[in-house]
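1. Give the three-dimensional model of this entry:
(chains A and B)
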Amino acid sequence: MYEIWLGMNIFYELALMYLPLLFVVFLVWAGLMIYAFQKKALWSRGIKGAIVGGIIATAIAFLAVPYITKSSLGELGYWFDYVTLIGVAAMYGAVAAALIWPLSSPKVR
Amino acid sequence: MSKSGKSSGAIGLSRRNFLIRASALSMVTGGVEMTAPALAKAAIKTNAKVVIVGSGLGGIAIANRLKRDLDGVKITIVDRKEIHNYQPGYTLVATGIWPVDKVADRNSDLQPAGIEWVQEMATEFNPEANFITTDSGRKIPYDFLLVATGLHLDFDKIEGMDIKHIGTNGLASVYPSPQAASATWQAMDTFRQKGGEAVMTLPGTPMKCAGAPLKMTFMLDDRLRQAGKRDNSKITFHSAGSNIFGVPVINENVLSRWSKLGIETQYKSQLTAIDIGGRRATFIDPSTKDKTEVPYDFIHVVPPMRAPDAIKNSSLSYQDGPMASGGWLEVDKFSLQHTRFPNVFGIGDINGTPRGKTAATVKKSAPIVAQNIIDAIEGKVLSGDRFDGYTSCPLLLREGSAMLLEFDYAGKLTPSIPFVEPLQDSYFAWLMKYRFLKPAYISVAKGRV
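-> The predicted structure is shown next:
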């Protein structure tokens, strides 16, 4: 329980550190969502594209994050390293999916 | 100077900045805010006056906790420094991983609102009469005292040593300051271009972040290999004691790794003098007093450490026993309450406890000390958990890999996450050190974890 609380606090403080970037991403996402709503997007038909985009982004992040953090894939020593990296990469994937969803959903008008 | 009264200038801007950031983050996170479970507790009413000497991680963490949990408490922090240095980041700066600006924050951004901040240094402690004296001669009375001064780096014990020269003539030391850490990287970077004789040192006193000298050694080896200069270089680690780390299983693991890397060790070899211009270091065997002079191209100096004079010369320090020579604060190792003055508590590096002079120690002990102070204020029996001496050391092995070592007073490995293999080379441990531990540190300072 304590480790979960600690983890939440770590991500909260990280978010504060990168707030300008997060804010820009949020604005872009909000803009895309408003645009898609106005065009009456068919959301259910856009999910597949969002998932595929998210998976691709996760894969790219899996390969790139070790290098961004001054390490390398060769330094993944045991299974917990892989779980950690997959978790971090999946967060990038989730953000990518959220951005792609309004774009991949066909518009009625 | 009352912090609550500082509504203009840098502090005012900082608060406005904070409010803007908090509002924006709240929008991004859908209004979710980080609220500690403890906030649900009703604050206890008191008019107690608590003086906290030192505004490092321990002092600020306790100030935030007491301010949150006690209604009406008068907290005074005594410390001149305005910059809060993230010391766990020094080894990353000193090995070229982080830029130096990543380890500096403002103390005013971390302290709670509504406290008094006396920007002076404590020079005398008078626990018999419950007051301290600052370097301006001001006497500050207290009902309860938290000693969080940190420790003193005793470079004066090394003849010829001058920290102003760190970064030149192959002289390195990660400990004194962010600037020294940055200069240490300059010295290491210059050295690795050519290679040569490297000398690493370890004093015989209790010390903060006892893993740092080992990290510096591992990283020097790695930097030399990256530059292709390891084969024409020699690294020798001089320990003043009979080991390189106090926890036997870690000691053996590191020595095994060093053996494979070709790093040599010298025991009972204590640095006593240095000729900076001539690049020669003098070591002494503490038991036989035999002297050895060693030439070097690069040296990493780790000074002996002790309590600051104000504590060492006061009745708060150990009066006898193994901790007396360093003047460490005499506290019960489980409650961190002073053993002779029950209204005095200690946290962090100053404590004369068997282990634990790291930020991780503060992380684990701050909630215990805060609870014990609250109990003492209420006149109750101390109810904080027994502090087990927890400390942690993400031991850098090379660029991109580390071991996440956690252990207690008994030297037992105590991994927080059951899946983590403490003695395994790990990207996870590296990532913790590189990216996640500073946010954790800030959370500790704010009294949330």
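2. Backbone dihedrals for residue B:105, please?
-> In terms of degrees, to the nearest 10, the main-chain angles of residue B:105 are phi -130, psi 170.
3. Mind checking what secondary structure the closest residue to it other than its chain neighbours has?
-> Distances taken as C-beta to C-beta, 6 or more residues apart in numbering or on different chains place residue B:84 nearest to residue B:105, at 4.6 Å, with adjacent residues excluded. Yep, even glycine has a C-beta here, placed from its N, CA and C like the rest. Under the three-state scheme (DSSP: H, G, I helix; E, B strand; the rest coil), residue B:84 adopts strand.
4. Ok, residue B:393 next?
-> When classified by three-state DSSP, residue B:393 comes out as strand.
5. Residue A:54 reaches residue A:99, doesn't it?
-> No - judged on C-beta atoms under 8 Å, residue A:54 makes no contact with residue A:99 at a distance of 9.4 Å.
6. Report how many residues lie close to the residue nearest to residue B:105.
-> Around residue B:84 there are 23 other residues, counting by other C-beta atoms under 10 Å in any protein chain shown.
7. Tell me who's in contact with it.
-> B:55, B:56, B:60, B:104, B:105, B:106, B:107, B:109, B:110, B:445 (C-beta atoms under 8 Å, 6 or more residues apart in numbering or on different chains).
8. Spit out the contact partners of the closest residue to the first one other than its chain neighbours.
-> So that's residue B:55. With sequence-adjacent residues excluded and distances taken as C-beta to C-beta, 6+ apart, residue B:55 is closest to residue B:79, at 3.9 Å. Contacts for residue B:79 (C-beta under 8 Å, 6+ apart) come out as B:53, B:54, B:55, B:59, B:107, B:117, B:118, B:119, B:121.
9. and the host helix or strand of residue B:377, how far from the chain's centre?
-> Using DSSP states H and E, residue B:377 sits within helix B:359-378. Centroid separation between helix B:359-378 and its chain, computed with C-alpha atoms, centre = their mean, to the nearest Å, is 17 Å.
10. Can you name every helix or strand that it contacts?
-> Helix B:359-378 is packed against strand B:44-45, helix B:57-69, strand B:144-147, strand B:344-346, strand B:391-398, helix B:437-445, with contacts defined by 3 or more C-beta pairs under 8 Å, 6 or more residues apart in numbering or on different chains; DSSP states H and E.
11. show me the contacts for residue 56.
-> The chain I'm using is chain A. Residue A:56 sits next to residue A:96 when contact means C-beta under 8 Å, 6+ apart.
12. could you do chain B instead?
-> With contacts defined as C-beta under 8 Å, 6+ apart, residue B:56 is in contact with B:84, B:148, B:150, B:348, B:349.
13. Model confidence score at the last one, please.
-> Read it as residue B:349. On pLDDT, residue B:349 comes in at 98.
14. Distance of it relative to chain A?
-> In this structure, residue B:349 and chain A are 22 Å apart, going by C-beta to the nearest C-beta, to the nearest Å.
15. my guess is that residue meets residue B:150, correct?
-> Yes - the pair residue B:349 / residue B:150 is scored as a contact, 4.9 Å apart, by C-beta under 8 Å.
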